[in-house]
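[1] coords please:
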Amino acid sequence: MTSQLHAICFLADEPRRLARFWSEFLGRELVDDARDGIALLPDADNAYRIRFIPHDEPKRGQNRAHFDLTSDSEQDQQQKVARALELGARHTDVGQLPEEGHVVLADPEGNEFCVIEAGNNFLAGCGFVGALAGDGTQAVGYFWSAALDWPLVWDQDEETAIQSPGGGTKITWGGPPLMPRTGKDRLLLDLAVPVHGDGPAEIDRLISLGAKRVETGPGDDGRVLMTDPDGNEFTVRG
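    This is a model prediction of the structure:
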């Protein structure tokens with residue numbers, strides 16, 4: 001049975017502090033779960049959690065994935081930017097052009113995210129977290145479409161995007177050339193095998209699609225660490 005997207009995870013120097021920022025900004029409830037640790041619960045638009053995992057390796061360079069957040073009007077965009085800055089975000093430069101309408105910010109630990117201008121048709125109806133936008137090949141878009149059983153909603157010029165059949169946040173990949181990997185990925189996907197599913201069989205299925213298993217056995221929390229065809233780490237919870 002196909003894995004489900006359980007959570008989008010941030011590796012964090014101070015998980016609770018970073019979780020508090022995103023909880024207040026996104027309006028999601030923060031919990032300290034016995035199995036997931038510090039996490040934000042799903043909202044009305046999406047079924048996944050946002051987890052914050054303690055990690056002591058410093059952030060190096062620009063993240064290979066970031067949130068694209070939506071806005072309903074120019075005033076709404078300005079208000080969301082102001083709110084993020086009030087909570088501890090800052091402006092950052094990733095090479096965006098002055099004429100581009102989105103605003104690029106970084107959260108209190110330097111994780112980049114964009115507040116997209118109103119009228120973006122591609123993200124219409126996706127909710128506040130419109131997309132998890134990643135740097136990746138066409139092959140990795142195909143892999144994740146098969147891994148999650150989410151249809152491709154964009155496949156052009158080596159750019160791909162997938163979305164749950166139920167709607168919500170899209171996951172996108174911008175195609176080559178890829179930015180250099182400067183350290184451990186700060187954002188990663190956390191999958192869960194459905195109740196009564198076969199965990200080992202699902203691991204084998206993901207490997208058959210092009211994933212690799214990093215660990216020889218599951219960690220203490222029952223999650224298996226893997227990499228997708230582009231080398232991005234993700235976990236599978238049995």
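[2] chain center to the helix or strand where residue 16 lies, what's the gap?
    Assessed by DSSP states H and E, residue 16 sits inside helix 15-26. Here helix 15-26 is found 15 Å from its chain centre; the criterion is C-alpha atoms, centre = their mean, to the nearest Å.
[3] try stretch 65-78
    Using C-alpha atoms, centre = their mean, the offset of stretch 65-78 from its chain centre is 16 Å.
[4] name the single longest helix found in this structure.
    As assigned by DSSP state H, the longest helix anywhere in the chain is helix 74-87.
[5] tell me the mean pLDDT for that helix?
    Helix 74-87 comes out with an average pLDDT of 98.
[6] buried residues, it. List them.
    77, 80-81, 84 (16 or more other C-beta atoms under 10 Å). All C-beta spots, glycine's among them, are computed from the backbone N, C-alpha and C.
[7] what's the answer for stretch 113-128, then?
    113-117, 120, 123, 126-128.
[8] returning to what we had before: could you point out which element follows the longest helix of the chain?
    Using DSSP H and E, the helix or strand that follows helix 74-87 in sequence is strand 90-91.
[9] parallel or antiparallel, which strands does that following strand pair with?
    Applying DSSP bridges, strand 90-91 is found paired with strand 103-106 (antiparallel).
[10] give me the angle between the strand ranked longest in the chain and helix 15-26.
    The strand that spans the most residues within the chain, counting by DSSP state E, is strand 4-12. Orientation check (axes from the mean of the first three to the mean of the last three C-alpha atoms, to 10 degrees): strand 4-12 against helix 15-26 gives 120 degrees.
[11] packing partners of strand 4-12?
    helix 15-26, strand 49-54, strand 187-192 (3 or more C-beta pairs under 8 Å, 6 or more residues apart in numbering; DSSP states H and E).
[12] on that earlier part again, rebuild the buried residues of helix 74-87 as CSV, extending it with distance to residue 185.
    Converted to CSV, the buried residues of helix 74-87 look like this (distance: C-beta to C-beta, whole Å):
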residue, distance to residue 185
77, 28
80, 26
81, 26
84, 22
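[13] farthest-separated two in those?
    For the buried residues of helix 74-87, the farthest-apart pair by C-beta to C-beta is 77 and 84; their separation is 10.8 Å.
[14] overlap in contacts, the two.
    Both residue 77 and residue 84 are in contact with residue 115, where contact means C-beta atoms under 8 Å, 6 or more residues apart in numbering.
[15] and stretch 198-218, C-alpha only, in CSV?
    C-alpha atoms of stretch 198-218 as CSV (Å, rounded to 0.1, in the frame of the first residue of the first chain):
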residue,chain,number,x,y,z
ASP,A,198,3.4,-3.8,4.9
GLY,A,199,6.4,-1.6,5.9
PRO,A,200,9.2,-3.8,4.4
ALA,A,201,7.3,-4.3,1.2
GLU,A,202,6.8,-0.5,0.9
ILE,A,203,10.6,0.0,1.5
ASP,A,204,11.2,-2.4,-1.4
ARG,A,205,8.7,-0.6,-3.6
LEU,A,206,10.4,2.7,-3.0
ILE,A,207,13.8,1.2,-3.8
SER,A,208,12.3,-0.3,-7.0
LEU,A,209,11.2,3.3,-8.0
GLY,A,210,14.8,4.6,-7.5
ALA,A,211,15.2,5.3,-3.8
LYS,A,212,18.1,4.1,-1.7
ARG,A,213,18.1,2.9,1.9
VAL,A,214,20.7,4.8,4.0
GLU,A,215,20.5,2.9,7.2
THR,A,216,20.8,-0.8,7.6
GLY,A,217,17.9,-0.8,10.1
PRO,A,218,15.2,1.5,11.5
